[in-house]
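Enquirer: Return a 3D structure for these sequence lines:
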Amino acid sequence: MTEPVADTSISLNNDAVLLHMNGQEQDAIRMYQRAIESDANNASAHNNLGFLLAQTGDHEQAIAHYRTALDLDPERATACANLGASQAALGDVSGGLNLLERAVAIDPESLTAWDNLGRLALLAERFDTAERAFREALTLDEPSAERLVALGGLIATRGRLPEAHDLLVQAVTIEPGSAQAWSQLGVIRFARQDLGSATDALEAALRLDPENLSARRHLVLTLMARGRSVEAEAHLRRLIEAAPEDATALTDLALLYLERNEGQAAIAILKRAQEADPANERSGYYLALSQEIFGDQSAGVEGLTAIAHENGSYAQKARDHLAAKGKAS
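Expert: Below is the predicted model of the structure:
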């Protein structure tokens, strides 16, 4: 007896899922295509093939299959969520958000849809939507460090540091091996001026992930605030070693030299920072200031005068310095 077409297609789709899960992408694609050839109305196969194509970066073909899946089954929340993610990946963030909102309306229990909605809303700076989505995701599954970090970071940017701190403490309790959770916790503790605990958290992040540049950068700031300049300098050098044209790190290192009255060394580093990023107003200001104090005074005054005529955050500093020296233009 011949197996019904629909049953054959379902069987092929299931085989493709197994191949997909085993990392056999090309074989899985071919198997999904066979499932669709067997039954063009197999919405699940269209959605699954779209998801795999999106994973390979082919979002345009993925979108075509997601749309077919939704034409066949308009209430398929996963296809709606996947379509939203692919549209966003191709630059249509607004359209992607609308589709993800539709997906969670179709299936309020879809953890993936809420997660994707939260991440995309955060990218689009729709913070209320992002917070709602992350909170819904946390109610649907056991709390994970990844979701707690995402929500904690979002809440921190909204100025609710004590609440964010509690979420990050929960994250490192759940997953002590999460470098990202320790890093974010350290950043929040630094923002709260809890410098000792911030140092501990950021050092924990770097033990777990020595390449975490954000954790190292914030550790530098924390150590500098604590007056531990020797340790800060060592971490700055690690940052510069990893990113030789990092104007921020170069400028921070130069400021340490200035604190030690090593003006010529500071000037040399600030010139490197300006070469790396000529538009960096901070390094430009400190270069001009260093030149005015330690080196070529005329060049320094000229540089400060140019900055004073700009509208950036260092313009007033330059004006104030020139006025104090009686050189205001």
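
Enquirer: Residue nearest the middle of this structure, spatially speaking?
Expert: The residue lying closest to the centre of the chain (Cα atoms, centre = their mean) is Leu123, at 9.0 Å.

Enquirer: State the distance from the residue lying closest to that residue once chain neighbours are set aside to Ser86.
Expert: Take Leu123 and drop its neighbours on the chain: the residue closest to it by Cβ to Cβ, 6 or more residues apart in numbering is Val93, 6.7 Å away. All C-beta spots, glycine's among them, are computed from the backbone N, C-alpha and C. From Val93 across to Ser86, the span is 12 Å (Cβ to Cβ, to the nearest Å).

Enquirer: just Pro176 next, same as before
Expert: Distance, Pro176 to Ser86, using Cβ to Cβ: 35 Å.

Enquirer: Neighbour count: these two, which is higher?
Expert: Neighbour totals were compared for Pro176 and Ser86, and Ser86 leads with 25 against 12 (other Cβ atoms under 10 Å).

Enquirer: ok, that one to Ala324 distance?
Expert: Distance from Ser86 to Ala324, counting by Cβ to Cβ: 58 Å.

Enquirer: And Leu99, by the same measure?
Expert: Counting by Cβ to Cβ - Leu99 and Ala324 are separated by 58 Å.

Enquirer: So between these two, which is more surrounded?
Expert: Set side by side, Leu99 and Ala324 show more neighbours around Leu99, with 26 against 9, by other Cβ under 10 Å.

Enquirer: Contact partners for the nearest residue to the more buried one once chain neighbours are set aside?
Expert: Setting aside the residues directly before and after it, Leu99 is nearest to Gly84 in space (Cβ to Cβ, 6+ apart), at 3.2 Å. Counting by Cβ atoms under 8 Å, 6 or more residues apart in numbering, Gly84 makes contact with 95-100, 102-103, 116-117, 120.

Enquirer: Can I get stretch 118-127 as CSV, trimmed to CA atoms?
Expert: Provided in CSV are the C-alpha atoms of stretch 118-127 (Å, rounded to 0.1, in the frame of the first residue of the first chain):
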residue,chain,number,x,y,z
GLY,A,118,13.1,41.8,23.4
ARG,A,119,16.4,41.8,21.5
LEU,A,120,15.0,43.6,18.5
ALA,A,121,13.1,46.1,20.5
LEU,A,122,16.3,46.9,22.5
LEU,A,123,18.2,47.4,19.2
ALA,A,124,15.4,49.8,18.1
GLU,A,125,15.5,51.6,21.4
ARG,A,126,11.9,50.7,22.1
PHE,A,127,12.7,50.1,25.8
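
Enquirer: buried residues in that stretch?
Expert: Applying a neighbour-count criterion of 16 or more other Cβ atoms under 10 Å, the buried positions in stretch 118-127 are 118-122, 126.

Enquirer: One more: stretch 271-290?
Expert: Buried residues in stretch 271-290, counting neighbours by 16+ other Cβ under 10 Å, are found at 271-274, 276-277, 280-290.

Enquirer: Show me what the host helix or strand of Gln291 is packed against.
Expert: Assigned by DSSP states H and E, Gln291 falls within helix 281-294. Helices and strands touching helix 281-294, by 3 or more Cβ pairs under 8 Å, 6 or more residues apart in numbering; DSSP states H and E, are helix 247-259, helix 263-276, helix 297-308, helix 315-324.

Enquirer: Tell me how far Gly23 lies from Ile106.
Expert: Look at Gly23 and Ile106: by Cβ to Cβ, they are 30 Å apart.

Enquirer: Apologies, that question was intended for Gly326.
Expert: Using Cβ to Cβ, one gets 71 Å for the distance from Gly326 to Ile106.

Enquirer: Looking at the two, which is more packed in?
Expert: More crowded of Gly326 and Ile106, by other Cβ under 10 Å: Ile106, with 17 against 6.

Enquirer: what's the neighbour count on the nearest residue to that one once chain neighbours are set aside?
Expert: Among residues not flanking Ile106 along the chain, Ala77 sits closest, at 4.2 Å (Cβ to Cβ, 6+ apart). For Ala77, the count of nearby residues is 21 (other Cβ under 10 Å).

Enquirer: What residues does Ala77 make contact with?
Expert: 103-104, 106-107, 110, 113.
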